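Q: Predicted model and sequence follow; I will ask about them next.
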Amino acid sequence: MLAQIVSTFLLLVCRVAAQATWEQCYHCKYCFDCGSHGTCDLPVEQKCWGQGVYPECSVYDYECSWYDYANPPSMPMNLRATWEQCDDCKYCFDCGTHGTCDLPVEQKCWGQGDYTKCSVYDYACSWYDYAPYPAGSCGALEWGADYHNGAKCRHFGRRAFSKKAPELNRMGDRWEICCGEETLSTRALIGLIVGPIVGCCFCTLIVALVVVLLKKNKANNSSTTATANPVAVTVEMRAEPAVGVAMKNPISLKLEELGCGQYEAALADQGYDSLGSLQGLSKEEAGEIADDVKMKPGHKRRFVDGIAVKKTETL
């Protein structure tokens, strides 16, 4: 007996803990409340499991024991759709007013056609009044201020009536019937005309100022270039000869004069790296040096004649 009581108590606790959400219970209304919706004769796969036109019921009946299907509780605010979302669904949820009831659900609800896509469930828009005006009236044909901020009346220079104004119940689709008698004020008309003109003048002034500044900057750059370039060229041309002469060694100049400049490195390897080391050589000594660095006969002759001098002659 005690075990049965404990088991019943635990079952009740589990059921309370497993309470379904408002949204889950709402989706199960065709399954748990089939009498109110005329779905009792349908197969359980269609009315409960989502294999048809009805949403899937993903919870058990005891998890929705708190939900009164005869008098449903108010929808939580976090499930409420926005005004824009509900307005996009008007061709799906209010097809009678817009003449879209005979269209496939893909066109009137899912956005696969000329109508906006509906991205919310119908219960999320239960607060939205889809039929505030009779069919064929000014309000139903979107002449009111709540549609595109009254753009249709503004196009004719008239003021749109506010939402649910009695005038929007008038039958017709013309501005003379559906818009207010008030025209835009004189001050507003002047603003519409003068505003664009002032804007164009301001833009023109900015463009002219930019062009003047660019021309001035270009002229300054040209003047600076013309003054600087000749000085730079003159300095460069005068500097090069002095640098070239300073880089030459006297022995290099002497060997180039004799046409034997290619033997300068070989002579340096033998210790003859200055003009003074070749002074006072006889022809025999100069000839031996030429043989040591393997001069060609013609080069040897010029080298000996140019280097070897009398003992008393200096170079």
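A: Cool, got the structure.

Q: where exactly do the helices run in the stretch 1-150 of the chain?
A: 2-17, 22-27, 29-32, 34-37, 44-47, 83-88, 90-93, 95-98, 105-108 (DSSP state H, counting those that start in this stretch).

Q: For residue 202, find the nearest of these.
A: When the helices of the stretch 1-150 of the chain are compared by Cβ to Cβ, helix 83-88 sits nearest residue 202, at 35.8 Å. From N, CA and C alone the C-beta is placed, and that goes for glycine too.

Q: what's the offset of the closest one from the middle of its chain?
A: 28 Å (Cα atoms, centre = their mean, to the nearest Å).

Q: same question, stretch 56-76
A: Worked out by Cα atoms, centre = their mean, stretch 56-76 lies 46 Å from the chain centre.

Q: end-to-end on it?
A: Stretch 56-76 has an end-to-end distance of 20 Å (Cα to Cα, to the nearest Å).

Q: buried sites along it?
A: Using 16 or more other Cβ atoms under 10 Å as the test for burial, stretch 56-76 gives 57, 59, 63-64, 67, 69.

Q: Name the nearest of the residues you listed relative to residue 194.
A: So of the buried residues of stretch 56-76, ranked by how close each gets to residue 194 (Cβ to Cβ), first place is residue 67, at 62.2 Å.

Q: And the nearest residue to that closest one once chain neighbours are set aside, how close does it get to residue 19?
A: Spatial nearest neighbour of residue 67, chain neighbours left out: residue 25 (4.0 Å); criterion: Cβ to Cβ, 6 or more residues apart in numbering. In this view, residue 25 and residue 19 are 9 Å apart by Cβ to Cβ, to the nearest Å.

Q: Touching both of these two, which residues are there?
A: Common neighbours of residue 25 and residue 19, using Cβ atoms under 8 Å, 6 or more residues apart in numbering, are residue 63.

Q: which one of the two has more residues nearby?
A: residue 25 (24 against 15; other Cβ atoms under 10 Å).

Q: The more buried one contacts residue 59, doesn't it?
A: Yes. Between residue 25 and residue 59 there is a contact at 7.2 Å, judged by Cβ atoms under 8 Å.

Q: Tell me, how many residues neighbour residue 201?
A: 10.

Q: So it: helix, strand or coil?
A: Of the three states, residue 201 takes helix under DSSP: H, G, I helix; E, B strand; the rest coil.

Q: per-residue pLDDT, the closest residue to residue 307 other than its chain neighbours?
A: Distances taken as Cβ to Cβ, 6+ apart place residue 286 nearest to residue 307, at 4.7 Å, with adjacent residues excluded. Note on residue 286: pLDDT of 86.

Q: now residue 218
A: The model's pLDDT for residue 218 equals 78.

Q: Could you do the one 10 residues further on as well?
A: pLDDT, residue 228: 45.

Q: How about the one 5 residues further on?
A: For residue 233, the pLDDT comes out at 41.

Q: Over to residue 297?
A: Looking at residue 297, the pLDDT reads 90.

Q: go on, the one 10 residues further on?
A: Model confidence at residue 307, given as pLDDT, is 83.
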